[in-house]
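J.: test case, fold it:
(one chain, ligands or ions: 1)
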Amino acid sequence: MTNPPSKIGRGSAPGKVILCGEHAVVYGQPAIAAPVNRVQANVTVRAGESGSGLQVVSRNLQGFSIAERQRIQQRLWAVAATVQEMLGGLHHWPPLGDVMADWQPLQVMPKMPTNLLIEIDSSVPVERGLGSGAAIGVAMMRAFADFLGLQLTTEQISAMAFETEKLHHGTPSGIDNTVVAYNQPVWFVRGHGVERLRVGADLRLLIADSGTRGSTATVVGDLRQRHDAAPATYDPLLQTIGDIAVSCRGAIEAGDVGKVGGLFDRNHVLLQRLDLSNDSLDRLVAAAKAAGALGAKLSGAGRGGNMIALITPEREAAVRDALLAAGANAVIGTVVAAG
Ligand code: MEV
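T.: The predicted structure follows:
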């Protein structure tokens with residue numbers, strides 16, 4: 001089914017947080033993630049002026065040097081160009097394979113314009129482990145689909161956003177685009193599609209920004225090199241993280257929040273042993289625990305970016321203060337609601 005193209009296509013998507021299993025998920029272990037709706041990526045797509053080609057304007061890049069802005073802008077342009085190419089040649093985009101099989105007979109593809117103006121306005125912090133790349137990828141897919149009058153399923157949007165994720169780091173597991181596209185807590189195993197996670201009791205989290213950026217591509221690539229040089233050292237650690245994710249799922253489903261906290265702590269120790277933490281993250285984790293958090297760990301790629309603390313409502317103010325006093329740049333609260 002197609003609708004008439006709208007003059008301005010709009011799309012948005014939330015940020016995400018990984019509760020447990022980051023990095024191990026790249027190696028086939030399970031992981032758990034939840035959306036963070038307090039932060040959002042918003043994208044608009046409209047026709048550009050004749051001869052303008054594809055133009056991408058991104059707001060919210062304050063705090064980056066000119067060189068960093070150029071690097072990020074170039075990557076965002078590449079994301080937009082990939083979306084434009086994918087949707088323009090959907091029938092000939094082999095990596096999408098099965099997910100598009102039932103799409104082709106149903107839709108008549110409108111012609112993809114060459115001149116487009118894409119505007120990105122995102123409050124998802126860049127390179128802080130909150131899934132800014134995936135949020136922008138999904139929001140952009142939605143904005144293009146809206147602009148062209150295409151109806152795409154969430155599965156299709158997620159699959160196409162996965163292709164844009166590869167531009168951010170070569171070997172994504174797919175967890176970020178999945179949780180962001182489905183906008184629900186997920187149990188994720190690479191290559192096995194998505195499973196909604198049942199949450200037995202609210203999980204109240206504080207997400208603290210360590211103030212340093214972590215490049216997912218660099219950190220994932222570094223672990224890959226070390227792993228491939230010594231798999232016998234790394235595989236048992238990754239397997240143990242996978243086992244923790246399994247236990248964490250059970251505890252989340254049972255509403256045993258105290259047990260979830262203990263599993264966060266154990267997961268953090270393993271991430272430390274994989275050399276994925278750093279002093280600022282460890283300081284924040286220790287401060288949160290000392291102030292009464294049920295558990296705390298780095299979240300996302302690590303070596304910078306964010307950590308999460310699992311809290312009770314009674315300890316929220318104390319843990320927030322402790323995180324700020326220990327050097328957090330910003331602290332935001334989110335609740336993974338029971339359901
Ligand atoms: C990044 O949010 C999560 C990692 O596990 C990478 C990935 O799964 O693609 C570090």
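J.: contacts only, for the residue of the stretch 101-250 of the chain at minimum distance from the ligand.
T.: Distances between the stretch 101-250 of the chain and the ligand by C-beta to the nearest ligand atom are smallest at Ser173, namely 3.3 Å. Where you see a C-beta, it was placed from the backbone N, CA and C, and this is true even at glycine. Going by C-beta atoms under 8 Å, 6 or more residues apart in numbering, Ser173 touches Val25, Val26, Ala31, Phe188, Arg190.
J.: filter those down to the ones close to the ligand.
T.: Val25, Val26 (C-beta under 6 Å from any ligand atom).
J.: from the contacts of Ser173, which two are the most distant?
T.: Spatially, the most separated pair among those is Val26 and Phe188, at 11.2 Å (C-beta to C-beta).
J.: just the strands in the stretch 51-200 of the chain please.
T.: For the stretch 51-200 of the chain, the strands defined by DSSP state E, counting those that start in this stretch occupy 54-58, 116-122, 186-188, 194-196.
J.: just checking: what are the partner strands of the longest one?
T.: Strand 116-122 has the following strand partners under DSSP bridges: strand 31-47 (antiparallel), strand 54-58 (parallel).
J.: over to the last one?
T.: Taking DSSP bridges as the criterion, strand 194-196 sits next to strand 186-188 (antiparallel) in its sheet.
J.: list the contacts of the partner strand.
T.: 21, 25, 30-34, 173-175, 178-179, 194-197, 249.
J.: just the buried ones from those residues?
T.: For the contacts of strand 186-188, a neighbour count by 16 or more other C-beta atoms under 10 Å gives the buried set as 21, 25, 30-34, 173-175, 178-179, 194, 197, 249.
J.: for Glu155, state which of those residues is nearest.
T.: Val194 (8.0 Å).
J.: just give the nearest non-adjacent residue to that closest one, would you?
T.: Leaving aside its chain neighbours, Val194 sits nearest to Thr178 (5.0 Å; criterion: C-beta to C-beta, 6 or more residues apart in numbering).
J.: residues in contact with that neighbour?
T.: Contact analysis of Thr178 by C-beta under 8 Å, 6+ apart lists Ala33, Ser158, Val186, Phe188, Val194.
J.: look up how far Gly261 lies from it.
T.: From Thr178 across to Gly261, the span is 25 Å (C-beta to C-beta, to the nearest Å).
J.: and Gly129, by the same measure?
T.: Applying C-beta to C-beta, the value for Gly129 to Gly261 is 19 Å.
J.: which element is the residue lying closest to Thr212 once chain neighbours are set aside on?
T.: Spatially, and ignoring its direct neighbours in sequence, Thr212 is nearest to Gly304 (3.8 Å; C-beta to C-beta, 6+ apart). For Gly304, there is no helix or strand it lies in under DSSP states H and E.
J.: from what I see, Gly304 and Arg213 are in contact.
T.: Yes: under the criterion of C-beta atoms under 8 Å, Gly304 makes contact with Arg213 at 5.1 Å.
J.: the nearest residue to Asp256 once chain neighbours are set aside: neighbour count?
T.: By the measure of C-beta to C-beta, 6+ apart, the closest residue to Asp256 outside its immediate chain neighbours is Gly200, 7.4 Å from it. Counted by other C-beta atoms under 10 Å, the residues lying close to Gly200 total 16.
J.: kindly report the same for Arg213.
T.: 18.
J.: buried residues of stretch 14-29, list them for me.
T.: For stretch 14-29, the neighbour count (16+ other C-beta under 10 Å) marks 14-27, 29 as buried.
J.: tell me which parts of the stretch 1-150 of the chain are close to the ligand?
T.: Ile18, Glu22, His23, Val25, Val26.
J.: where's the nearest residue to the fourth one once chain neighbours are set aside relative to Gln225, distance?
T.: The spatial neighbour of Val25 that comes closest, neighbours along the chain excluded (C-beta to C-beta, 6+ apart), is Ala31 at 3.7 Å. Ala31 sits at a distance of 21 Å from Gln225 (criterion: C-beta to C-beta).
J.: now do Leu298
T.: For Leu298, the distance to Gln225 equals 20 Å [C-beta to C-beta].
J.: most distant residue from the centre of the protein?
T.: Ser50 (35.0 Å; C-alpha atoms, centre = their mean).
J.: wait, doesn't it sit right on Leu116?
T.: No: applying C-beta under 8 Å, one finds Ser50 not in contact with Leu116, separated by 11.8 Å.
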